[in-house]
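Student: Sequence and predicted structure are below.
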Amino acid sequence: MTDKKTPELTPVSEWKKDVSEGVAVELPSGKVAKLRRRSIFALVRSGQVPNELKAIVQSIISSPAGAKAVAGENLEAMFAIIDIVATACFVYPKLADGGTRPLTADEIDISDVDFDDKLFVYLWSAGEVSSLESFRKEQDSAISVAFDGKSVQPEAE
């Protein structure tokens, strides 16, 4: 018989900490933000997704091909969904629409965040970023090796 260790349970305080406090995440731009994962399901359920976008969210959720179809057919709606998810995920700085009200000291306008960063957060919130992170690290190491200058030949005479 093999000894199977029962994994230790995660305390409730740790569950709450992850949800409320968030974790520091480096974004593609190199900036670091404190983020918390918010599923698109939770955002729909809490009413943060407007009714006119719910059918589009349903298409995205139903299949991976759904997201591609939505992006191809209704790019503006996809941008709106990405903004909703990013706004919900950012703990610090907080994201807000500065066009609708004055921003507080710990807020930035959603338009101040690069699209690549917002897309990264959208994918991160869905758990699709772990493969991208390892890819980025592999690319960074390959690039640093490729451009170290040691392979540059002297000019021909």
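Tutor: Nice, thanks for sending it over.

Student: quick one: which helix or strand includes residue 25?
Tutor: strand 23-26 (DSSP states H and E).

Student: For that strand, buried residues please.
Tutor: residue 25 (16 or more other CB atoms under 10 Å). Bear in mind the C-beta positions are built from the backbone N, C-alpha and C, glycine included.

Student: tell me what whatever helix or strand comes next after it is packed against?
Tutor: The helix or strand immediately downstream of strand 23-26 is strand 32-35, counting by DSSP H and E. Where contact means 3 or more CB pairs under 8 Å, 6 or more residues apart in numbering; DSSP states H and E, strand 32-35 is packed against strand 23-26, strand 90-92, helix 115-125.

Student: Let me have those in a markdown table, adding distance to residue 76 and mean pLDDT as columns.
Tutor: Supplementary listing: these in a markdown table, determined by distance: least, CB to CB, whole Å; pLDDT from 0 to 100:
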| stretch | distance to residue 76 | mean pLDDT |
| --- | --- | --- |
| strand 23-26 | 27 | 91 |
| strand 90-92 | 21 | 93 |
| helix 115-125 | 13 | 92 |
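
Student: Generate TSV for these, with distance to residue 101 as supplementary columns.
Tutor: Converted to TSV, the helices and strands packed on strand 32-35 look like this (distance: least, CB to CB, whole Å):
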stretch	distance to residue 101
strand 23-26	27
strand 90-92	17
helix 115-125	20
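
Student: and of these, who's closest to residue 59?
Tutor: Closest to residue 59 of the helices and strands packed on strand 32-35 is helix 115-125 (CB to CB; 15.2 Å).

Student: Flag every buried residue along that closest one.
Tutor: 117, 118, 119, 120, 121, 122, 123, 124, 125.

Student: what's in contact with it?
Tutor: Residues outside helix 115-125 that contact it (CB atoms under 8 Å, 6 or more residues apart in numbering): 25, 27-29, 31, 33, 35, 37-40, 81-83, 85-86, 88-90, 110, 129, 132.

Student: In PyMOL, how would I select the buried members of those residues?
Tutor: The buried residues among the contacts of helix 115-125 can be selected in PyMOL (16+ other CB under 10 Å) with this line:
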select buried, resi 25+27+33+35+37+38+40+81+82+83+85+86+88+89+90+110+129
